[in-house]
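Participant: Need a 3D model of the following:
(2 chains)
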Amino acid sequence: MTISLYNTLTRKKEVFETLEPGVVRLYVCGPTVYSNAHVGHAMSSLVFDIMRRYLEYRGFQVKHVMNYTDVDDKIILRSLHEERDPHELAESYIREYEEHLRSLNILPAHIYPRVSQEMGEIVKTIQGLVDKGYAYPAGGDVYFRVQKDDDYGRLSGRRLDDMQAGARIDIDERKEHPMDFALWKAAKAGEPFWESPWGNGRPGWHIECSAMCLHHLGDQIDIHGGGNDLIFPHHENEIAQSESLTGQLFSRYWVHNGMMQLSGEKMSKSLGNLVTITDFLSKNEADVLRLMVLNSSYRSPLTFNDDVIEAASKGLERLRNGLRPAFVESAGATTEAKEALAKQVETTRAAYIAAMDDDFNSAGALGHLFDLVRVINATRDAGATVAELADAQALLRELTGVFGLTLDKQTGGAEAAPFIDLLIEIRRELRAQKLFALTDQIRDRLAELGVTLEDSKDGTTWRFN
RNA sequence: GGCGACGUGGCCAAGUGGUAAGGCAAGGGUCUGCAAAACCCUGACCACGGGUUCGAAUCCCGUCGUCGCCUCCA
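Facilitator: Numbers count the residues shown, from 1 in each chain, chains lettered A, B, ... in the order given. Have a look, this model is predicted:
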């Protein structure tokens, strides 16, 4: 069984083979930290978190690097506007994003490089490109020479000639070609700067990722990821820079997530149509967003609206219901019911893996988990005991865990369970005597304590709420 | 204008040659002291028009529409 994934570079699904057996070098472009992150950023982090978790589930060791761009025009602009130190401003948004990553249950990357802390590497990278003739200094700036790069444009499918026709490119006398892009920008008065062989200044937008990726993961990596709005120019330029420098293929697979759509268009800082992560999490639990992401293809635009949030929220409850214990009174299910469940366990695992192996088809895999839930519930209704549901529920826990969902909201259930069962037992006697005031009191008081009881013809079940 | 993606039941969304997963919503039923949940049943001429094929949602061409990139962007 092999994993396949869609490679933007070739525009088709390819069999996934790593440079080093069993090891995945993964670099994901993180946010530019100049304002509050929104759920679109969260989507991207979730997409790659799900991929990483699955690759690890399939036995790979994943070396995960995500950068923060903390030196940038917008940060400088904003710091001037707010009269704050740019480093301090960036730092505060980085801390906020780190907090979001924890809230969203995203596995920490192994390294979070920042532009401000990698200046030596960045300057070294630029110098290397200048030495090889792929870049040229011009009045304190340094530009990449696109005409020297034979296959410039191959990621985004553009030709230099086409792009010139677009006429949206600034004419800059200092550039040899209009598409040449800045590797180093000379500092203007009042701007933060770093020293370099070309004078004081700061890096251009794209060179940081090349430098940091080469530094932390080596000349060649397996997966380079980010939002599909980064394909051009950011990733195109990263390829140009990195491959011109090393003479080797930079990343084997380029993986891009689709954009979060709010009222029919891309959610983005510049458009102003956004829902911040803080906003979202104040009204919904983190798994709701994760389930929204899981329920569609990572490459497609993700519809964000109240209906979708509601559906994800309900779907999450449904998954949780699958983990409810058997009815306390149950004596055991029929052989047929138990066999049906065992068979479902078998097919679910296989189907889940087959779906996820196919370019991380999480929506398909999720569908199989819902199938499993339905059969678990039916088997519980049929009188299965806790032990008889155990395997199926363990699988449900395992596979939702691979998705990064946290269905068991409260721990400590193990200690409380016998006492709750005892209360249910007593309450059953009270119900038989039709002492409903007392039975309702028990149910209400338990609800206040965080335990929901639910009666059915087959008995009473409970869950933490 | 250039490059690319997409258009599947009320909503979201899998499926990319053999006759349509799943979730939410809706209706009916079972169960039921109440509440809640669960289970069963009900629904798609796969944007439109051509073509290829024994057979297409799935491949090809065209039309319409939506979205992304081409400027900062996850």
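Participant: and after the lowest-mean-pLDDT helix or strand in chain A, which helix or strand comes next?
Facilitator: The least trusted helix or strand in chain A, going by mean pLDDT, DSSP states H and E, turns out to be helix A:160-165, with a mean of 69. Heading C-terminal from helix A:160-165, the first helix or strand you meet, by DSSP states H and E, is strand A:182-186.
Participant: What is that following strand packed up against?
Facilitator: helix A:119-131, strand A:141-144, strand A:201-203 (3 or more CB pairs under 8 Å, 6 or more residues apart in numbering; DSSP states H and E). Placement of C-beta: from N, CA and C, glycine included.
Participant: Tell me how far that strand lies from the chain's centre.
Facilitator: 31 Å (CA atoms, centre = their mean, to the nearest Å).
Participant: and that strand, is it in reach of RNA strand B?
Facilitator: No - Strand A:182-186 does not reach RNA strand B (CB under 7 Å from any atom of the strand); its nearest approach is 8.8 Å.
Participant: Give me the residue ranges of the stretch 101-250 of chain A where confidence is low.
Facilitator: For the stretch 101-250 of chain A, applying pLDDT under 70 flags the ranges A:164-172.
Participant: ok, 80 please
Facilitator: A:161-173 (pLDDT under 80).
Participant: Could you find the residue in it that comes nearest to RNA strand B?
Facilitator: In the stretch 101-250 of chain A, no residue comes nearer to RNA strand B than A:G227, which is 2.3 Å away by CB to the nearest atom of the strand.
Participant: so the nearest residue to that residue once chain neighbours are set aside, which of the three states?
Facilitator: Excluding its sequence neighbours, the residue lying closest to A:G227 (CB to CB, 6 or more residues apart in numbering) is A:S44, at 5.2 Å. Assigned by DSSP: H, G, I helix; E, B strand; the rest coil, the conformation of A:S44 is helix.
Participant: you'd agree A:S44 is up against A:G258?
Facilitator: No - the criterion here is CB atoms under 8 Å, and A:S44 misses it with A:G258 at 9.7 Å.
Participant: and the helices and strands packed on strand A:182-186 as TSV, adding distance to A:N361?
Facilitator: Output for the helices and strands packed on strand A:182-186, formatted as TSV (distance: least, CB to CB, whole Å):
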stretch	distance to A:N361
helix A:119-131	37
strand A:141-144	37
strand A:201-203	38
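Participant: Could you give the average pLDDT over stretch A:366-377?
Facilitator: Taken as a whole, stretch A:366-377 has a mean pLDDT of 97.
Participant: Export the helices and strands packed on strand A:182-186 to JSON lines and append columns for distance to RNA strand B and mean neighbour count.
Facilitator: Formatted as JSON lines, the helices and strands packed on strand A:182-186 follow (distance: least, CB to the nearest atom of the strand, whole Å; neighbours: other CB atoms under 10 Å):
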{"stretch": "helix A:119-131", "distance to RNA strand B": "15", "mean neighbour count": "19"}
{"stretch": "strand A:141-144", "distance to RNA strand B": "13", "mean neighbour count": "25"}
{"stretch": "strand A:201-203", "distance to RNA strand B": "12", "mean neighbour count": "24"}
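Participant: Contact partners for A:E285?
Facilitator: A:L316 (CB atoms under 8 Å, 6 or more residues apart in numbering).
Participant: distance of it from RNA strand B?
Facilitator: 15 Å (CB to the nearest atom of the strand, to the nearest Å).
Participant: before we move on, the earlier item: and A:L422, which of the helices and strands packed on strand A:182-186 is closest to it?
Facilitator: helix A:119-131 (63.0 Å; CB to CB).
Participant: can you map out the strands along the stretch 151-300 of chain A?
Facilitator: A:182-186, A:201-203, A:221-227, A:251-257, A:260-262, A:265-266 (DSSP state E, counting those that start in this stretch).
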